[in-house]
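> no sequence on hand, only this structure:
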(Lines give C-alpha, C1' and ligand atoms only; values in the text may rest on other atoms or scores of the structure.)
Protein backbone atom coordinates (compact mmCIF):
# COMPACT_ATOMS: atom_id res chain seq x y z
CA UNK A 1 0.00 0.00 0.00
CA UNK A 2 1.33 3.43 -0.88
CA UNK A 3 0.27 6.53 1.02
CA UNK A 4 1.33 10.15 0.91
CA UNK A 5 1.04 12.48 3.87
CA UNK A 6 1.41 16.19 4.38
CA UNK A 7 0.34 19.00 6.64
CA UNK A 8 -1.63 21.71 4.86
CA UNK A 9 -0.75 25.38 5.23
CA UNK A 10 -2.18 26.73 8.52
CA UNK A 11 -5.86 27.63 8.16
CA UNK A 12 -6.82 30.81 10.02
CA UNK A 13 -10.44 31.03 11.13
CA UNK A 14 -12.58 32.96 10.74
CA UNK A 15 -11.53 33.89 7.21
CA UNK A 16 -11.62 37.69 7.44
CA UNK A 17 -10.83 40.11 4.65
CA UNK A 18 -12.11 43.40 6.03
CA UNK A 19 -9.24 45.81 6.88
CA UNK A 20 -8.99 46.19 10.65
CA UNK A 21 -10.63 42.84 11.39
CA UNK A 22 -7.79 41.12 9.51
CA UNK A 23 -5.33 42.00 12.27
CA UNK A 24 -7.47 40.63 15.08
CA UNK A 25 -6.56 37.28 16.62
CA UNK A 26 -7.66 34.34 14.55
CA UNK A 27 -7.73 30.67 15.48
CA UNK A 28 -5.04 28.61 13.75
CA UNK A 29 -6.27 25.25 12.50
CA UNK A 30 -4.08 22.40 11.29
CA UNK A 31 -5.14 19.93 8.63
CA UNK A 32 -3.14 16.75 8.08
CA UNK A 33 -3.84 14.78 4.93
CA UNK A 34 -3.22 11.09 4.34
CA UNK A 35 -3.89 10.04 0.74
CA UNK A 36 -4.11 6.30 0.05
CA UNK A 37 -2.84 5.98 -3.51
CA UNK A 38 -4.11 2.39 -3.92
CA UNK A 39 -7.74 3.48 -3.47
CA UNK A 40 -7.26 7.15 -4.48
CA UNK A 41 -8.98 8.30 -1.28
CA UNK A 42 -7.87 11.08 1.01
CA UNK A 43 -8.34 11.24 4.78
CA UNK A 44 -8.13 14.58 6.56
CA UNK A 45 -7.41 15.11 10.24
CA UNK A 46 -8.27 18.58 11.50
CA UNK A 47 -7.56 20.20 14.87
CA UNK A 48 -7.00 23.71 16.23
CA UNK A 49 -4.17 25.28 18.21
CA UNK A 50 -6.19 25.09 21.44
CA UNK A 51 -6.06 21.29 21.28
CA UNK A 52 -2.44 20.83 20.32
CA UNK A 53 0.45 21.98 18.12
CA UNK A 54 1.66 20.50 14.85
CA UNK A 55 4.82 18.59 15.70
CA UNK A 56 5.92 14.98 15.46
CA UNK A 57 3.58 13.68 18.17
CA UNK A 58 0.48 15.08 16.49
CA UNK A 59 1.51 13.80 13.06
CA UNK A 60 2.22 10.32 14.47
CA UNK A 61 -1.21 10.33 16.15
CA UNK A 62 -2.90 11.10 12.83
CA UNK A 63 -1.02 8.34 11.02
CA UNK A 64 -1.82 5.86 13.80
CA UNK A 65 -5.50 6.81 13.54
CA UNK A 66 -5.43 6.33 9.76
CA UNK A 67 -3.69 2.95 9.91
CA UNK A 68 -5.84 1.56 12.72
CA UNK A 69 -9.01 2.64 10.90
CA UNK A 70 -8.25 -0.02 8.29
CA UNK A 71 -7.02 1.88 5.25
CA UNK A 72 -5.43 -1.32 3.90
CA UNK A 73 -5.00 -5.03 4.51
CA UNK A 74 -1.64 -5.17 2.72
CA UNK A 75 1.49 -6.08 4.68
CA UNK A 76 3.92 -3.67 3.01
CA UNK A 77 3.54 0.09 3.43
CA UNK A 78 5.34 2.79 1.46
CA UNK A 79 4.98 6.31 2.84
CA UNK A 80 5.83 9.44 0.84
CA UNK A 81 6.33 12.69 2.74
CA UNK A 82 8.18 15.98 2.52
CA UNK A 83 11.49 16.69 4.25
CA UNK A 84 10.08 18.55 7.25
CA UNK A 85 12.27 17.53 10.18
CA UNK A 86 9.81 18.64 12.86
CA UNK A 87 6.98 16.54 11.47
CA UNK A 88 8.33 13.69 9.37
CA UNK A 89 12.03 13.19 10.09
CA UNK A 90 12.21 12.53 13.81
CA UNK A 91 12.42 9.74 16.37
CA UNK A 92 8.67 9.80 17.04
CA UNK A 93 8.05 8.64 13.45
CA UNK A 94 10.67 5.90 13.77
CA UNK A 95 9.02 4.72 16.99
CA UNK A 96 5.64 4.72 15.22
CA UNK A 97 6.93 2.56 12.36
CA UNK A 98 8.46 0.12 14.86
CA UNK A 99 5.20 0.03 16.85
CA UNK A 100 3.11 -0.69 13.72
CA UNK A 101 5.40 -3.57 12.72
CA UNK A 102 5.52 -4.95 16.26
CA UNK A 103 1.71 -4.90 16.54
CA UNK A 104 1.39 -6.74 13.22
CA UNK A 105 -0.20 -4.03 11.10
CA UNK A 106 2.64 -4.34 8.58
CA UNK A 107 5.65 -6.55 7.92
CA UNK A 108 7.62 -3.83 6.14
CA UNK A 109 7.40 -0.02 6.13
CA UNK A 110 9.42 2.24 3.84
CA UNK A 111 9.34 5.99 4.29
CA UNK A 112 10.49 7.99 1.29
CA UNK A 113 11.18 11.71 1.12
CA UNK A 114 10.72 14.03 -1.84
CA UNK A 115 13.68 15.84 -3.38
CA UNK A 116 13.67 19.64 -3.04
CA UNK A 117 11.91 21.25 -5.97
CA UNK A 118 9.90 18.09 -6.70
CA UNK A 119 7.49 18.35 -3.83
CA UNK A 120 4.09 17.36 -5.21
CA UNK A 121 2.22 14.71 -3.23
CA UNK A 122 -1.16 13.13 -3.91
CA UNK A 123 -2.54 14.75 -0.77
CA UNK A 124 -1.68 18.18 -2.25
CA UNK A 125 -4.43 17.53 -4.79
CA UNK A 126 -6.84 16.93 -1.90
CA UNK A 127 -5.80 20.25 -0.36
CA UNK A 128 -6.38 21.99 -3.70
CA UNK A 129 -9.93 20.59 -3.79
CA UNK A 130 -10.50 22.02 -0.32
CA UNK A 131 -9.19 25.46 -1.34
CA UNK A 132 -11.46 25.41 -4.36
CA UNK A 133 -14.48 25.06 -2.10
CA UNK A 134 -15.73 28.23 -0.45
CA UNK A 135 -14.60 27.70 3.12
CA UNK A 136 -14.80 24.35 4.86
CA UNK A 137 -18.57 24.00 4.88
CA UNK A 138 -18.77 21.35 2.12
CA UNK A 139 -15.73 19.32 3.21
CA UNK A 140 -16.18 16.17 5.28
CA UNK A 141 -13.46 15.98 7.93
CA UNK A 142 -12.70 13.55 10.72
CA UNK A 143 -11.93 15.32 13.96
CA UNK A 144 -9.41 13.66 16.26
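Happy to help now that I have it. Note that the structure is predicted; figures quoted are calculated from it, not measured. Numbers count the residues shown, from 1 in each chain.
> on the three-state scheme, the residue nearest the centre of the chain is what?
Residue closest to the average C-alpha location in the chain (CA atoms, centre = their mean): residue 32, at 2.6 Å. Here residue 32 is recorded as strand under DSSP: H, G, I helix; E, B strand; the rest coil.
> pLDDT score for it?
Residue 32 carries a pLDDT value of 85.
> who touches residue 126 in this structure?
Applying CB atoms under 8 Å, 6 or more residues apart in numbering, one finds that residue 126 lies in contact with 33, 35, 42, 44. Where C-beta positions appear, they are placed from N, C-alpha and C, glycine not excepted.
> could you pull out the helices in this structure for me?
When assigned using DSSP state H, the helices of the chain occupy the ranges 19-22, 56-68, 91-102, 122-132.
> picking that back up, bridging residues for the residue nearest to the centre of the chain?
For residue 32, the beta-bridge partners under DSSP bridges are residue 7, residue 45.
> help me confirm that it comes into contact with residue 61.
No. Counting by CB atoms under 8 Å, residue 32 does not reach residue 61; the two are 9.1 Å apart.
> what sits closest to residue 31 if chain neighbours are left out?
Of all residues beyond its chain neighbours, the one nearest residue 31 is residue 8 (4.2 Å), with distances taken as CB to CB, 6 or more residues apart in numbering.
> contact partners for the one you found?
30-33, 127, 130.
> ramachandran angles for it?
Here the main-chain torsion angles of residue 8 (degrees, to the nearest 10) amount to phi -70, psi 160.
> what about residue 109, how many neighbours?
The burial count assigned to residue 109 is 17, neighbours taken as other CB atoms under 10 Å.
> so what's it up against?
Residues touching residue 109, when contacts are defined by CB under 8 Å, 6+ apart, comprise 76-79, 97, 100-101.
> one step back: which one of the contacts of residue 8 is nearest to residue 90?
Residue 90 has its nearest neighbour among the contacts of residue 8 in residue 32, at 15.0 Å by CB to CB.
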